[in-house]
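Student: Give me coordinates for this.
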Amino acid sequence: MTPLSYAAAAVPVRPDLPAAHERAWTRLAAPGAWWTGAERVSIAAECRNAWRCAVCRERKASLSPYAVSGVHADLGALPEPTVDAIHRITTDPGRVSRAWFERTLQAGLDEGAYVELVGVVVTVVSVDSFCRGLGVPPHPLPEPLAGLPSRYRPAAARPGEAWVAMLPAGRPPGAEADLWGPGIPNVARALSLVPDEVRTLKDLTRAHYLEPEQVVDPRNRRGALDRMQMELLAARVSALRECFY
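Tutor: Alright, predicted model coming up:
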């Protein structure tokens, strides 16, 4: 894979940021728990394509997304329920409902595959938004790596506060012991049915923001901004993204 660079940006970029993005792109290309490397890169491409979808634009402008019917302008590489999930989570995440989620599973998308799909979308949106903020083109997607999904599901995952099964609060047992310590946000726990997606999210969070376990202590900060400035920016971005969490 070609190394990711921000040399063309108008402002200097800390070296840990392109390094974290490069690790995320490497994981993106590899087989996951439920999707092959080729499928994961196709999910990433469909995530980018969602912004050009007329149905998504019309739904976003509508009082209710369920008032608009139509077929997504997709790239043709993935099944329709998968495309719908990618487009909705990418373009209108604040109005995703549990009823829609349950219909998506009934249409054939496995619970673990859904969680991994969310993780891929989060990765792509995070890195692409960073590029857009700097005024540089998005990075080319990586070439997929060969191999089959592991089909790994943590034995300790249970239905809980989220719509999907996840690991309980407290330090996870066994192979997942590295995922978190005290104070991990539930938004990260909600990806724990696919542990590698938590690892990717933590790696990006560490570079973009703070160690996830540090978030709960308002004394912790990173870089040139004080914590109040960091939280003001984070809250504004969350509002613009219509984050219902």
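Student: helix or strand for the spatially most central residue of the chain, which one?
Tutor: Nearest to the geometric centre of the chain sits V122, at 1.6 Å (C-alpha atoms, centre = their mean). V122 is part of helix 111-134 when elements are defined by DSSP states H and E.
Student: With I89 instead?
Tutor: Going by DSSP H and E, I89 is part of helix 80-91.
Student: what about E46, how many residues close to it?
Tutor: Residues lying near E46 (other C-beta atoms under 10 Å) number 26. Backbone N, C-alpha and C define where each C-beta goes, glycine included.
Student: Could you do G223 as well?
Tutor: For G223, the neighbour count with other C-beta under 10 Å is 9.
Student: okay, it: pLDDT?
Tutor: Among the per-residue scores, G223 holds a pLDDT of 79.
Student: same deal with F244?
Tutor: Confidence score, pLDDT, at F244: 64.
Student: buried ones in the helix or strand bottoming out on mean pLDDT in the chain?
Tutor: Ranked by mean pLDDT, DSSP states H and E, the weakest helix or strand in the chain is helix 186-189, scoring a mean of 86. By neighbour count with 16 or more other C-beta atoms under 10 Å, helix 186-189 contains the buried residues 188-189.
Student: what's in contact with it?
Tutor: Contact with helix 186-189 is made by 161-162, 166-167, 169, 180, 198, 201-202, 205, 212, 245, as judged by C-beta atoms under 8 Å, 6 or more residues apart in numbering.
Student: quick one: low-confidence ranges for the protein?
Tutor: The chain contains residues with pLDDT under 70 at 244-245.
Student: can I assume F101 is in contact with W163?
Tutor: Yes: counting by C-beta atoms under 8 Å, W163 is a contact partner of F101 at 5.3 Å.
Student: I appreciate the help and will end here.
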